[in-house]
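A.B. asks: Sequence first, then the predicted structure:
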Protein chains: 2
Amino acid sequence: MEAETTSITIHNVAKTAGVSISTVSRVVNNLGRVAPETRKKVENAIRRLDFHPNSRAQALSRKRNDTIGLIVPDFEGQYFAMLMEGAHEEAQANGINIMVLKAKGAESQIDVVKKVNSEGRTDGVILMLSELYDQVLEGIGNINGPLVILDKDVNLWRLDNILVDNRLGAFEAARHFIDVHGITNVFFVGGSEHNVDTTARARGFADALASIKIDANDKKFFGSNYSYDEGYRLAFEKISPLIKPNERYGIVSGNDDIACGIIDALMDKGVKVPQQVGVIGFDDSDIAIHRRLKLTTMRIPTKEIGRIAVRMILNRQSGQVSEPSKVVLKARLIVRDSCGCGKHDSQ
Amino acid sequence: MEAETTSITIHNVAKTAGVSISTVSRVVNNLGRVAPETRKKVENAIRRLDFHPNSRAQALSRKRNDTIGLIVPDFEGQYFAMLMEGAHEEAQANGINIMVLKAKGAESQIDVVKKVNSEGRTDGVILMLSELYDQVLEGIGNINGPLVILDKDVNLWRLDNILVDNRLGAFEAARHFIDVHGITNVFFVGGSEHNVDTTARARGFADALASIKIDANDKKFFGSNYSYDEGYRLAFEKISPLIKPNERYGIVSGNDDIACGIIDALMDKGVKVPQQVGVIGFDDSDIAIHRRLKLTTMRIPTKEIGRIAVRMILNRQSGQVSEPSKVVLKARLIVRDSCGCGKHDSQ
DNA sequence: ATATTTTATAAAAACGTTTTTACAAACAAA
DNA sequence: TTTGTTTGTAAAAACGTTTTTATAAAATAT
């Protein structure tokens, strides 16, 4: 009794059912007309033999993989998880798979996109772009397969593109302090000044102040990155000296990590948060609700981005849509406690 | 001037180089002997035409995809990200890809594993198992492709298996309070009593107490899940009444979320943490360092799990290893501040 | 010089599908 | 009856590789 290693193929089914392989194929794929009794014979054979079409042969013949490549710079933080969630949901609903790839630098991104595309390993690619995106887009050139660019505006390149309106998000965060809390002493604390997200958010912040005729120039602070420690440092060193006893303040943060650092630094300095100083984060990451003072924050619709990205690839693939499209999504204010809206009993 | 859509194949290369396709194949794959000048001709043609072997055709012919399936119940939390990190690292180093799949219930897991395997979409599968794992393993039966089971002990089933020694981890956490801090008033706060991780950790905790002749029965507390809020509730309602003014205590938590909830609840009750009550978490998730009081916690080597899982599949595939192996990894104590070891100046 | 072995390459078969083409049988129209 | 349509199915070609088999040329031995 030898181990049976060869899997059963369409030929076996055809033979068992007493028909040709093309008939089996037509039954499996619901193509063309098949006489009812023939269909039944084939279906019985399929069931009896437990036949599953070989996806590799299908891929070669159909010239597609039913697989989409998702290229991200890293797997850290919550962004990737949410993106994956959305992408997988839409993909699964359409019977296709997600291949996850990692590419960080410009060169690496170019390589991965080209490789995966030229080898036909995926039917389309979702690329989360790094900072140096002109360089990357130039390098990618005009690849033939569907390609969706996330998070960076690639206006000039006529590519499918999904963006978040960071400017508007920060604008609304600042306006929340102004409109709801009546606070006009607002600061912005971002990540690196070279980060496009930070600059867009800083712009929205400035726009909000401009809308009430206040100049934002001396109210923006930048760090070297998006970390808790950097937020702590900036608040400890730069912000806390500006806090006067009987004034109320609002701080718009570049992300939630920074916001948490800011809050802790101010508390350590004896400043009442959120009573005297309100803080609004950005991203609505996990940590926003894993603290005593729940973070008010701008939620990025990351899951939606993933979903739309897959949809775009599918549309492009089906040939229905021929023009590249750009989707701009809004961040949404999630009101919790750190802005001063909610409860803030103890300390 | 028509749009050139057909990609260039090995035939084009053969024709351009003036050789047969088999020669091109041998050059591409470094197989057999090829005369130096022939090789050069072929290599030139490849470069001139920018030829990339079609992975779909390769897959069909080689009967493999260079793709491993990673099946997880969800993409939440940090576990998935770290697993992905490790798996991708090892995969990339070996020129293979990761396809991410999601399957939550037992039925879904069975379906996905069987489907992906029978269709030949992956060369092997890494499965993060759900609670009902006997049912799943029974359903999967003896599939032919490589399969690695994560996190649950599948001793009876003779499958490749990677585990974390949760018992030992909790044992060491409890011993840290006993040995380093001289605290014997220790509690355990876990997730659901039906969760195998929780029960294993509770067992380790009890073993540690048994090692100093203390009965742990009235020192273990269980919640309905692994959440911050549940930790807060349990500490607020069950633990805090047990805290006597002049005694010191230690709490071993089922995970970091629970630990954070515990800390905040005790602080809200006016208990000094970590001065009077030390807390040790489990998992070393993001939130451990995104709080003022940095969490001491047992780090699960998740990245390592991902890496080893891929390696196991590769080994199995190459046929070198024929016997299923079980790898048990240790959790490691990451000492920070919440146990009482580090700094704890303010409040 | 002829026979034998080695080396380098070409030709053909295989991988398991889908898709196109061809062809009977059944039916309808003339 | 002949001719022309459908209709259902079979046969063959295609997808682009790898791998096996065959063969000519070169190198070595006799």
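C.D. replies: Happy to help now that I have it. Numbering: from 1, shown residues only, chains lettered A, B, ... in the order given.

A.B. asks: Please make it C-alpha for all contacts and neighbour counts, starting now.
C.D. replies: Noted.

A.B. asks: The residue in the stretch 101-250 of chain A positioned nearest to chain B: what's it in contact with?
C.D. replies: The minimum distance from the stretch 101-250 of chain A to chain B, using Cα to the nearest Cα, falls at A:Glu119 (4.8 Å). Applying Cα atoms under 8 Å, 6 or more residues apart in numbering or on different chains to A:Glu119 gives the contacts B:His52, B:Pro53, B:Asn54, B:Ser55, B:Arg56.

A.B. asks: Kindly indicate the member of those residues with the most neighbours.
C.D. replies: In terms of neighbours by other Cα atoms under 10 Å in any protein chain shown, the contacts of A:Glu119 top out with B:Arg56 at 25 neighbours.

A.B. asks: residues touching that residue, list them.
C.D. replies: Contacts for B:Arg56 (Cα under 8 Å, 6+ apart) come out as A:Arg56, A:Ala57, A:Ala59, A:Leu60, A:Asn65, A:Glu119, A:Gly120, A:Arg121, B:Asn65.

A.B. asks: How about A:Glu230?
C.D. replies: Counting by Cα under 8 Å, 6+ apart, A:Glu230 touches A:Gly223, A:Ser224, A:Ile258, A:Gly261.

A.B. asks: Looking at the residues you listed, spot the one nearest A:Gln135.
C.D. replies: Nearest to A:Gln135 among those is A:Ser224, at 22.9 Å by Cα to Cα.

A.B. asks: I figured the closest one hits A:Ser192, correct?
C.D. replies: Yes. Counting by Cα atoms under 8 Å, A:Ser192 is a contact partner of A:Ser224 at 4.7 Å.

A.B. asks: Which one's more surrounded, the two?
C.D. replies: Set A:Ser224 next to A:Ser192 and count neighbours by other Cα under 10 Å: A:Ser192 wins out with 17 against 13.

A.B. asks: separation between the more buried one and A:Glu131?
C.D. replies: 12 Å (Cα to Cα, to the nearest Å).

A.B. asks: which residues pair with the residue of the stretch 51-200 of chain A found nearest chain B across the strands?
C.D. replies: Of all residues in the stretch 51-200 of chain A, A:Met99 sits closest to chain B, at 4.3 Å by Cα to the nearest Cα. Using DSSP bridges, the bridge partners assigned to A:Met99 are A:Gly69, B:Met99.

A.B. asks: ok now do it, which residues does it touch?
C.D. replies: By Cα under 8 Å, 6+ apart, the residues touching A:Met99 are A:Thr67, A:Ile68, A:Gly69, A:Leu70, A:Thr122, B:Asn97, B:Ile98, B:Met99, B:Val100.

A.B. asks: one more time with 6 Å
C.D. replies: Residues near A:Met99 by Cα atoms under 6 Å, 6 or more residues apart in numbering or on different chains: A:Gly69, B:Ile98, B:Met99.

A.B. asks: repeat for A:Met128
C.D. replies: A:Val72, A:Leu150.

A.B. asks: re the thing from before, show the model's pLDDT score for the residue of the stretch 51-200 of chain A closest to chain B.
C.D. replies: Note for A:Met99: predicted pLDDT of 98.

A.B. asks: for the stretch 151-300 of chain A, what spans make up the helices?
C.D. replies: Taking DSSP state H, counting those that start in this stretch, the helices of the stretch 151-300 of chain A run over residues A:166-181, A:196-210, A:228-234, A:256-268.

A.B. asks: Distance from the first one to the middle of the chain?
C.D. replies: Between the centre of helix A:166-181 and the centre of its host chain there is 23 Å, according to Cα atoms, centre = their mean, to the nearest Å.

A.B. asks: name the helices or strands packed onto it?
C.D. replies: Judged by 3 or more Cα pairs under 6 Å, 6 or more residues apart in numbering or on different chains; DSSP states H and E, helix A:166-181 is in contact with helix A:196-210.

A.B. asks: domain ranges for chain A?
C.D. replies: Taking automatic domain parsing as the reference, chain A has its domains at A:10-52, A:66-165+A:302-330, A:166-300.

A.B. asks: does the spatially closest residue to A:Ser20 that is not a sequence neighbour sit in a helix or strand, and which one?
C.D. replies: Nearest residue to A:Ser20, sequence neighbours excluded (Cα to Cα, 6 or more residues apart in numbering or on different chains): A:Ala14, at 5.3 Å. Taking DSSP states H and E as the criterion, A:Ala14 maps to helix A:10-17.

A.B. asks: Next, the buried residues of that helix.
C.D. replies: Buried residues in helix A:10-17, counted by 16 or more other Cα atoms under 10 Å in any protein chain shown: A:Ile10, A:Asn12, A:Val13, A:Ala14, A:Thr16, A:Ala17.

A.B. asks: Check stretch A:319-338 too.
C.D. replies: Residues of stretch A:319-338 classed as buried by neighbour count (16+ other Cα under 10 Å): A:Lys326, A:Val327, A:Leu329, A:Lys330, A:Ala331, A:Arg332, A:Leu333, A:Ile334, A:Val335, A:Arg336, A:Asp337, A:Ser338.

A.B. asks: Kindly report the same for stretch A:35-52.
C.D. replies: Residues of stretch A:35-52 classed as buried by neighbour count (16+ other Cα under 10 Å): A:Thr38, A:Arg39, A:Lys41, A:Val42, A:Glu43, A:Ala45, A:Ile46, A:Phe51, A:His52.

A.B. asks: hmm, back to that, quick one: which of the contacts of A:Glu230 is nearest DNA strand D?
C.D. replies: Nearest to DNA strand D out of the contacts of A:Glu230 is A:Ser224 (Cα to the nearest atom of the strand; 46.3 Å).

A.B. asks: The closest one contacts A:Glu193, correct?
C.D. replies: No. Counting by Cα atoms under 6 Å, A:Ser224 sits too far from A:Glu193 to count as a contact (7.7 Å).

A.B. asks: For the residue in the stretch 151-300 of chain A positioned nearest to DNA strand D, give me its contacts.
C.D. replies: Here the residue of the stretch 151-300 of chain A nearest DNA strand D is A:Leu159; by Cα to the nearest atom of the strand that distance is 25.3 Å. With contact taken as Cα under 6 Å, 6+ apart, A:Leu159 is in contact with A:Pro324.

A.B. asks: any idea how far it is from A:Leu127?
C.D. replies: 11 Å.

A.B. asks: near chain B, which residues of the stretch 201-347 of chain A?
C.D. replies: Residues of the stretch 201-347 of chain A lying close to chain B (Cα under 6 Å from any Cα of the partner chain): none.

A.B. asks: Show the model's pLDDT score for the residue of the stretch 201-347 of chain A found nearest DNA strand D.
C.D. replies: Closest to DNA strand D within the stretch 201-347 of chain A is A:Gln317: 17.1 Å, counting by Cα to the nearest atom of the strand. pLDDT for A:Gln317: 91.

A.B. asks: Off-centre distance for the helix or strand harbouring it?
C.D. replies: Using DSSP H and E, A:Gln317 sits in helix A:302-318. Centroid separation for helix A:302-318 versus its chain: 11 Å, with Cα atoms, centre = their mean.

A.B. asks: Mind jotting down where the strands sit in the stretch 101-250 of chain A?
C.D. replies: Secondary structure of the stretch 101-250 of chain A (DSSP state E, counting those that start in this stretch): strands at A:124-128, A:147-150, A:160-164, A:186-190, A:220-222, A:249-253.

A.B. asks: beta partners of A:Lys326?
C.D. replies: Following DSSP bridges, A:Lys326 is listed with bridge partners A:Asn161.

A.B. asks: what sits against it?
C.D. replies: A:Lys326 sits next to A:Asp160, A:Asn161, A:Ile162 when contact means Cα under 6 Å, 6+ apart.

A.B. asks: which one of those residues is nearest DNA strand C?
C.D. replies: Using Cα to the nearest atom of the strand, the contacts of A:Lys326 come closest to DNA strand C at A:Asp160, 26.2 Å.

A.B. asks: Of all the domains of chain A, which one comes closest to B:Lys272?
C.D. replies: Comparing those by their distance to B:Lys272 (Cα to Cα), the top pick is domain A:166-300, with 15.4 Å.
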